[in-house]
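> I need the structure of the sequence given here:
(chains A and B)
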Amino acid sequence: MSFIDICLQLLPGMAVTIEIFLITLIFSLPLGMLIAVGRMSKHKIIQYIIRVYIAIMRGTPLMLQLLVIYFGPYYIFGVSIDSSYRQIAVMIAFSLNYAAYFAEIYRSGIESIDNGQREAAYILGYNKVQTFFSIIFPQVIKRILPAITNEVVTLVKDTSLAFSIAYAEMFTEAKRIAAAQTSMLPFVAAGIFYFVFNALVAFIMKKAEDKLNYYS
Amino acid sequence: MKVLEMNHVKKSFDNVEVLKDINLHVEEGEVVSIIGPSGSGKTTLLRCATLLEQMDDGNMIYLGDEVVKSIDGKSTYKDKKSQRNALQYFGLVFQNFNLFPHQNVLKNIMGAPIKIQRRDKEEVRNQAMELLKKMGLEDKAKSYPCQLSGGQKQRVSIARALCMNPKILFFDEPTSALDPELTLEILNVIKDLAADKMTMVIVTHEMNFARDVSDRMIFMDNGVVVEETTPEELFNSDNERTRAFLGKYHDMM
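Purely as a prediction, here's the structure:
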């Protein structure tokens, strides 16, 4: 099997990997903001719940979380699971896990904004929501972009963890072909794919950072 | 007519009494300076007046509108909405400017009048440009705060406060973050405002300036008003504490 053939065989898997990547971002970026707001809540109980949530998400392996979410319904509740649940389990596990990391990044950004900004906005009559969206958040984005890039790059590579529940993303396929062909080439192809994917992510994030560089 | 009236204001932080029964009255068109050593409570008084801190006891009236009432020895604030409305009475110029770094000069000034006061964009733009012209900063309208000097930033923040058409303008040590040259820039702007009969309360360490610009000066120490009088009388006071504080100043001259 030629290298080109291998790449062609991996194409559908690549599409699935990109899908996991995009859907995770679509859910976890906003969810992370909600969690960050809860984490900073003055309400002690909400704050405590969120802290426990973040501790669990960061303190245990994503692979374990994937297995728990995928097999949990069957082992715990005896609900039979079919293969279509694989995709849903992957999306849920990745989104919940990444949202916890994003939440802490948002929080660090929000807390780093000088209180004088809030006071100035208050004196000018901005309410809390207006202050957040027109004064605080735009400044937060600029500050957290490098940290977000870090997480997004990690996510590209973490998509390979979906192989643990045999979800047919690119890495699962590469492993299968490698075993069938007793060849290293599928891994080489996989490595190149991740590398190029991340180069693209880094490029886009750099462009975004440049765009926000109009002030300091 | 009184623009601001604060009576028997008390405020403690963690059982430390910072303001002990303070009265502050400001007439329309009047310039009042508040001086005193660090920790005397000047800034806290200003922060109470601008609703950034809540006072423990005392009342506060802006143009007849009793924003804070004293009931049974406790300050009682009006609801959030009325407090928000009360913000329209005054403007505040901060020591550290607190301009919004992600917005250009014009946006900094025009943001609140358009968004909060819901005024016509063109009208606000005209007023903003006029204010910038007055501040000698017309050519900086499209600049970002990080491209300005400290003095320019402070002039923008004064313009930002003025564009809200406040009835009274507070300054919290407006020149403390500036070098002597830039300080002069700002003091001249404030003098121009005084000439235009803008009602102002200025917390400052610039004694010469306070003496020149003020109709009335308040010397605070340790949470009380030690003396409140005209600049001439204050600088010739025979009060011991006042003399001690200003003495250090006289020595420097």
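> What mean pLDDT does the helix or strand where A:Thr17 lies get?
In this structure, A:Thr17 sits in helix A:3-39 according to DSSP states H and E. Across helix A:3-39, pLDDT averages out at 94.
> which parts of the stretch 101-250 of chain B sit against chain A?
Within reach of chain A by CB under 8 Å from any CB of the partner chain, the stretch 101-250 of chain B has these residues: B:101-102, B:111-112, B:115-117, B:144-146, B:160-161, B:164. C-betas here are computed from N, CA, C, even on glycine.
> give me that answer again for 10 Å
B:101-104, B:107-108, B:111-113, B:115-117, B:143-147, B:157, B:160-161, B:163-164, B:166, B:170 (CB under 10 Å from any CB of the partner chain).
> Start and end of stretch B:201-220, how far apart?
Its start and end residues considered, stretch B:201-220 measures 14 Å (CA to CA, to the nearest Å).
> how much space between the most centrally placed residue in chain B and B:Gln103?
Central residue of chain B (CA atoms, centre = their mean): B:Phe170, 1.5 Å from the mean position. B:Phe170 sits 22 Å away from B:Gln103 when distances are taken as CB to CB, to the nearest Å.
> try A:Ala199
Taking CB to CB, one finds A:Ala199 at 34 Å from B:Gln103.
> ok, now B:Ser237?
From B:Ser237 across to B:Gln103, the span is 45 Å (CB to CB).
> just the helices in chain A please.
A:3-39, A:44-59, A:62-77, A:84-112, A:115-123, A:128-130, A:137-158, A:170-181, A:185-211 (DSSP state H).
> Out of the ones you listed, which gets nearest to chain B?
For chain B, the closest of the helices of chain A is helix A:115-123, at 3.8 Å, according to CB to the nearest CB.
> relative orientation of that closest one and helix A:137-158 in degrees?
Using axes from the mean of the first three to the mean of the last three CA atoms, to 10 degrees, the direction of helix A:115-123 lies 130 degrees away from that of helix A:137-158.
> Is there contact, residue-wise, from helix A:115-123 to chain B?
Yes. Helix A:115-123 lies within reach of chain B by CB under 10 Å from any CB, at A:115-123.
> Tell me the helices and strands packed up against that helix.
Under the contact definition 3 or more CB pairs under 10 Å, 6 or more residues apart in numbering or on different chains; DSSP states H and E, helix A:115-123 sits against helix A:128-130, strand B:90-93, helix B:105-115, helix B:150-162.
> Pull out the buried positions in that helix.
Residues of helix A:115-123 classed as buried by neighbour count (16 or more other CB atoms under 10 Å in any protein chain shown): A:117-123.
> tell me the angle of that helix relative to helix B:150-162?
Going by the same axes, to 10 degrees, helix A:115-123 makes 30 degrees with helix B:150-162.
> Output helix A:115-123 as CSV, nothing but the C-alphas.
Coordinates of each C-alpha in helix A:115-123 appear next as CSV, following Å, rounded to 0.1, in the frame of the first residue of the first chain:
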residue,chain,number,x,y,z
ASN,A,115,-10.6,47.3,39.0
GLY,A,116,-10.3,51.0,37.9
GLN,A,117,-11.8,49.9,34.5
ARG,A,118,-14.9,48.7,36.3
GLU,A,119,-15.1,51.8,38.5
ALA,A,120,-14.7,54.1,35.5
ALA,A,121,-17.4,52.2,33.6
TYR,A,122,-19.7,52.4,36.7
ILE,A,123,-19.2,56.2,37.1
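> returning to what we had before: what angle separates the helix or strand containing the residue nearest to the centre of chain B from helix B:150-162?
B:Phe170 is located in strand B:168-172, with elements delineated by DSSP H and E. Angle, strand B:168-172 to helix B:150-162, by the same axes, to 10 degrees: 150 degrees.
> Toward the C-terminus, what is the element adjacent to strand B:168-172?
Taking DSSP H and E, what comes next after strand B:168-172 is helix B:180-195.
> any idea which helix or strand comes after that following helix?
Downstream of helix B:180-195, the first helix or strand assigned by DSSP H and E is strand B:200-203.
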